[in-house]
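S.K.: fold the following for me, if possible:
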Amino acid sequence: MKAPDAFRTISEVAEELDLPQHVLRFWETRFRQIHPMKRGGGRRYYRPDDVDLLRGIRLLLYGEGFTIKGVQRLLKEKGTGFVTAVGQTGSVETVTLDEAGNEVDVQAASPSGPVPKGAAGKGGSAGLSLSKSGQRQLEGALSVLMEAKRMLDQTR
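M.R.: Okay, here's the model as predicted:
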């Protein structure tokens, strides 16, 4: 096993995050904050911070229901430190960092953006108010995504 601070290849990162390599390459085109070191022949080497950022993006996209644009907006508004902290803690409820990287406050984020302090509901999860039709639409989208994931898993 590699040391925690060792650089990782794309295959190691893909395996660790349970993602196909092409998804990591695609994310590089959508999130300018992801920039692994590239060696001769274009071989990618990810730093530990890169892996934490990718882990945070994965959690936001797949675990919390953010869209790519939603994560891009979160990166723009809160910075990479916030999303990296999500990857390190495995939780959307993370310590917010100021521009100097100092801990400022605990704040939750939601697919529609960060939730103001004190707006989190029971159990620390962001309290979202959705109409019944909005809930049905989300449930329908989730079932379509789950079916797509099942089909992708079968092809691996």
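S.K.: count of residues packed around residue 38?
M.R.: 10 (other CB atoms under 10 Å). To be clear about C-beta, it is placed using only N, CA and C from the backbone, and glycine gets the same treatment.
S.K.: repeat that for the one 3 residues further on.
M.R.: Residue 41: 5 surrounding residues under other CB under 10 Å.
S.K.: okay, it: pLDDT?
M.R.: We have a pLDDT of 86 for residue 41.
S.K.: and the most centrally placed residue in the chain, how far from residue 47?
M.R.: Nearest to the geometric centre of the chain sits residue 57, at 1.6 Å (CA atoms, centre = their mean). According to CB to CB, to the nearest Å, residue 57 and residue 47 sit 15 Å apart.
S.K.: same check, this time on residue 152
M.R.: Distance from residue 152 to residue 47, by CB to CB: 28 Å.
S.K.: now do residue 151
M.R.: 33 Å.
S.K.: looking at those two now, which is surrounded by more residues?
M.R.: residue 47 (15 against 9).
S.K.: contact partners for that one?
M.R.: Taking CB atoms under 8 Å, 6 or more residues apart in numbering, we find residue 47 in contact with 7, 36, 37.
S.K.: just the buried residues out of those, in ChimeraX syntax.
M.R.: Selecting only the buried entries of the contacts of residue 47 in ChimeraX, with 16 or more other CB atoms under 10 Å as the criterion:
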select :7,36
